[in-house]
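[1] heads up, no residue letters with this:
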């Protein structure tokens, strides 16, 4: 019997790298905030209550993984999520734990 792989092996390797980036509560929170609307760095700093440098580090990792994009206007940087579906596993897990 031949078993067909649901995805190519390279997909699992790529996904594992993305999961490493997503394995941080602040980055998950940033992505969930950006799911609702584009936000400036200073707005994320206020909401997350962490330093601008820390927010910028998280955003740089998310940008490197191509999960967010940046739009610059003057001195401000505005971030947007590339695809809102990326936060669905976070929401699904939240709902699962609410039931138990």
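    Here it is on my side, so go on. Remember, it's a predicted structure, so these values are computed and weren't measured experimentally. Numbers count the residues shown, from 1 in each chain.
[2] doesn't residue 77 fall inside a helix?
    No. Judged by DSSP: H, G, I helix; E, B strand; the rest coil, residue 77 forms no part of a helix; its state is strand.
[3] burial measure for residue 85, as a count.
    9 (other C-beta atoms under 10 Å). Backbone N, C-alpha and C define where each C-beta goes, glycine included.
[4] and the helices in this protein?
    According to DSSP state H, the chain carries its helices in the segments 9-22, 25-36, 41-48, 52-64, 88-99.
[5] nearest to residue 2, out of these?
    Among the helices of the chain, helix 9-22 comes nearest to residue 2, with 16.0 Å by C-beta to C-beta.
[6] next one: the closest one to chain centre, how far?
    Remark: helix 9-22 is offset 13 Å from the chain centroid, using C-alpha atoms, centre = their mean, to the nearest Å.
[7] contacting residues around it?
    Residues from elsewhere that reach helix 9-22, judged by C-beta atoms under 8 Å, 6 or more residues apart in numbering: 27, 28, 31, 61, 62, 65, 67, 86, 90.
[8] please apply the same query to stretch 40-47.
    Stretch 40-47 has contacts (C-beta under 8 Å, 6+ apart) with 30, 33, 51, 52, 55, 56, 59, 76, 77, 78, 79.
[9] ok, 10 Å please
    Outside stretch 40-47, the residues within contact range by C-beta atoms under 10 Å, 6 or more residues apart in numbering are 26, 29-30, 33-34, 37, 39, 50-56, 58-59, 70-71, 73, 76-79.
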